[in-house]
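> coords please:
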Amino acid sequence: MGKDKRRFLRFDASLGMKYKTLLSKAEEGIATLRNVSRSGMGFSVIKGKILPTGTSANFEIDVPGEGGSIFAKGKIVWSKEIFPERVSLLTNGVEFVDITPIDKGILLDYAYNQWVRKEL
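Here you go, the predicted structure:
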């Protein structure tokens, strides 16, 4: 297995989210956030299209208990299909390009708290 290139620890989290690419022919959909770090996140989409590396997108992430959504802009750094013969689950890695410090803090606090609960 190859060396992990991540600079920051990722925390598993499962949150509902929406995305919309910033292409001339925008792709949008509903997805599930799978993990998050200081520099980015991973998310999955069922029966979506593979998002080309370098694609910019806006994200709206539902964080329970926060009274609304948080927003981020990111760049797709990888996208791959898992189980194409059964379900067509797409997983994607995103590098944050624009997210407020407050929204990033809310997201990381939620993910960290979920991780702590699993560990106890």
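
> Specify the beta-bridge partners of the closest residue to residue 69 other than its chain neighbours.
With Cβ to Cβ, 6 or more residues apart in numbering as the criterion, residue 69 has its nearest non-adjacent residue at 4.7 Å, and that residue is residue 60. Every residue, glycine included, has its C-beta placed from N, CA and C. Using DSSP bridges, the bridge partners assigned to residue 60 are residue 18, residue 71.

> Phi, psi for residue 8 please.
Torsion angles at residue 8 (phi, psi; degrees, to the nearest 10) stand at phi -130, psi 150.

> what about it, neighbour count?
11 (other Cβ atoms under 10 Å).

> did I read that right, residue 90 in a strand?
Yes: according to DSSP: H, G, I helix; E, B strand; the rest coil, residue 90 belongs to a strand.

> what sits against it?
44-46, 48-51, 79-82 (Cβ atoms under 8 Å, 6 or more residues apart in numbering).
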